[in-house]
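1. give me a 3D structure for the following:
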Amino acid sequence: MARVFVGDGGVSLGLARGPELKPDTTTSTQYPGLQGKTRRMQRILNVPSQSPDSVLLTVRVVPRAGRSAVAGTRGDALLVRLNAAPVDGVANAELIAVLADALGVPKRAVSIVSGERSREKRVRIAGITLEDARSRLM
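-> As a prediction, the model looks like this:
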């Protein structure tokens with residue numbers, strides 16, 4: 001986006017700057033035992049700064065699948081296939097149930113942070129550590 005600046009010297013054109021984006025600071029030095037497929041899982045599972053006992057997941061949802069299950073990864077997201085259609089929040093409720101079952105936590109511990117009407121969602125899982133989530137999903 002371009003901005004026009006009017007000053008004493010006349011009019012000038014400048015580029016608008018957004019918030020500074022930090023590069024991905026998660027490296028294999030933080031988790032020395034991770035390699036290959038597990039590094040992708042490392043990018044999918046993020047620990048939010050405000051709570052040490054919760055995990056933030058990037059989830060890619062495929063609605064109207066033959067059965068509901070966690071189906072691996074796609075890109076930098078956890079792939080979850082859902083039998084439900086994306087109508088009236090039914091698929092979101094089923095996503096919460098599938099993730100709660102796969103991770104062994106109650107449904108109330110799973111919440112959709114963003115992307116309620118999108119196929120790509122950010123989901124917070126409370127009451128579980130990063131290591132527990134990684135071991136249960138792999």
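
2. grab the longest helix from this structure for me.
-> helix 90-103 (DSSP state H).

3. buried residues, that one. List them.
-> 91-92, 94-96, 98-100, 102-103 (16 or more other C-beta atoms under 10 Å). C-beta here means a position set from N, CA and C on the backbone, and glycine is covered the same way.

4. so for it, what's the average pLDDT?
-> Summarised as a single mean, pLDDT over helix 90-103 is 95.

5. what's it packed up against?
-> In terms of contacts (3 or more C-beta pairs under 8 Å, 6 or more residues apart in numbering; DSSP states H and E), helix 90-103 is packed against strand 54-62, strand 69-74, strand 77-81, strand 110-114, strand 120-126, helix 130-137.

6. so the fourth one versus strand 54-62, what angle?
-> Strand 110-114 and strand 54-62 are oriented at 70 degrees to each other (axes from the mean of the first three to the mean of the last three C-alpha atoms, to 10 degrees).

7. check which strands are paired with strand 110-114 and give the direction for each one.
-> In the sheet, strand 110-114 lines up against strand 120-126 (antiparallel) (DSSP bridges).

8. poorly predicted segments of the protein, please.
-> Within the chain, the segments meeting pLDDT under 70 span 1-51.

9. distance check, residue 137 against residue 90.
-> 23 Å (C-beta to C-beta, to the nearest Å).
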